[in-house]
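1. need a 3D model of the following:
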Amino acid sequence: MKTIVKLPLYFCVAALLSTPVLATEYHFGGFLKANARYVDGNIAFQDSWTGGGSVTESAKRSQFSAAESRFNFSAKQGEVSGFAEIDFVGSTQGNAVISNSYSPRLRHAFIEYRGVTAGQTWSTMVNTSAFAETADLGGPLVGQAMVRQALVRYQTGHWQFALENPYTYGTTEQSSDLQKQWIDTSNDYVPDAVVRYDQQGDWGNVSVSSLLRYLDPEDSAQFGAGVSVAAKLHTFGRDDLRLQLHYGNLGRYVGTDAARDIVNGEIETTTSAMFTYRHFWTDRTRSSLFYGRTFTKVEQTDRFHIGANIFTNLSPVLALGFELGRYQIDDQLSVYSQQPAPQGSSNYAQLSLQFHL
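-> Numbers count the residues shown, from 1 in each chain. Just a heads-up that it's a prediction; the model follows:
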């Protein structure tokens, strides 16, 4: 026999209202950035200097742009939080003929819950506090770890453990005509593993990361490993020293196109470093002097970026910056083609105005 219990309406409403409902917090942010950039030399113009670049007879160009403007959104409910961010850098849609209508690109989109991060964000190899303050987007990318990708990461105390998206960037063995063949990335099936230890205090912070990789292009298994140290150290007053040191089979994780994972079927070894010192002239005005460089063993690349700038806050949310710098390619004789590698350099000047939202 089934028993039916009828409850008064006011009792049901009271029970519903007594159940805790978690409020969701929303935050919007980002910045608007206007750039004026002039480049003169024989390395082709880039919106910002990556570790790549092509040498030409002459490259002289001025460009105004707002594509680095950035918008982000975050939400939090209880122990769950999420973050997403876009900008417009690298778009192939916009052009100066028809309205410069640049398409957005995804920078970050991740979820955090009880020490676990899942989605796309900075690689665990990246310590963003060790980035230089620059007008050129990213600063001396040629000497630093700067990768965003999909990953799953667990953090406990000072330690971080992550599995990250595998991708082999490079070339297979050359054919008789010495033409490079790009690796087929459909055989990337073992995630890259990163372990990181952080320590921080009133003196600043330091991180030590190790990367373990299994690369298997065309069923030719190769194991790779590398180590990275990054730090931001407080010096005098508000000044700080930021540095990064990298060594090993780091490939695409360091130098943004300065080094490949595999070159002509052989795993690459990279040595890379970045240093920057920031000095405050006043509470509102500061300057950074920076230098980044990468060497590779197999492909014998040698590239550096040096620069100096000055920033001043016209208001608490509006910063004006001016920067002078030089990007140079001093690649050595190719060990495979026995042909001289292209060499060149370009100087640049950049003015930027940035409004933090």
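
2. distance check, residue 329 against residue 104.
-> 31 Å (CB to CB, to the nearest Å). For the C-beta atoms, the positions are set from N, CA and C on the backbone; glycine is no exception.

3. those two: which is more packed in?
-> Neighbour count, other CB atoms under 10 Å: between residue 329 and residue 104, residue 329 has more, with 23 against 15.

4. residue ranges in the stretch 251-357 of the chain under the pLDDT threshold?
-> The stretch 251-357 of the chain contains residues with pLDDT under 70 at 333-339.

5. let me see the ranges of the strands in it.
-> 262-263, 266-267, 270-280, 285-296, 302-315, 318-330, 343-356 (DSSP state E, counting those that start in this stretch).

6. of all those, which one comes closest to residue 217?
-> strand 262-263 (6.3 Å; CB to CB).

7. contacts only, for residue 291.
-> Residue 291 is in contact with 140, 143, 274-276, 304-306, counting by CB atoms under 8 Å, 6 or more residues apart in numbering.

8. please redo it, this time with the cut-off set to 7 Å
-> Taking CB atoms under 7 Å, 6 or more residues apart in numbering, we find residue 291 in contact with 140, 275, 304, 306.

9. quick one: which of those has the most company?
-> Counting neighbours by other CB under 10 Å, residue 140 leads the contacts of residue 291 with 30 neighbours.

10. that one and residue 292 touch, don't they?
-> Yes: Residue 140 is within contact range of residue 292, at 2.7 Å (criterion: CB atoms under 7 Å).

11. can you pull out the low-pLDDT segments for this structure?
-> The chain contains residues with pLDDT under 70 at 1-21, 174-180, 333-339.

12. what's the longest strand in it?
-> The longest strand of the chain (DSSP state E) is strand 25-43.

13. flag every buried residue along the helix or strand that comes right after it.
-> Counting by DSSP states H and E, the next helix or strand C-terminal to strand 25-43 is strand 55-65. By 16 or more other CB atoms under 10 Å, the buried positions in strand 55-65 come out as 55, 59, 65.

14. what about residue 91, how many neighbours?
-> 15.

15. does it lie in a helix or a strand, and which?
-> Residue 91 is part of no helix or strand, with elements assigned from DSSP H and E.
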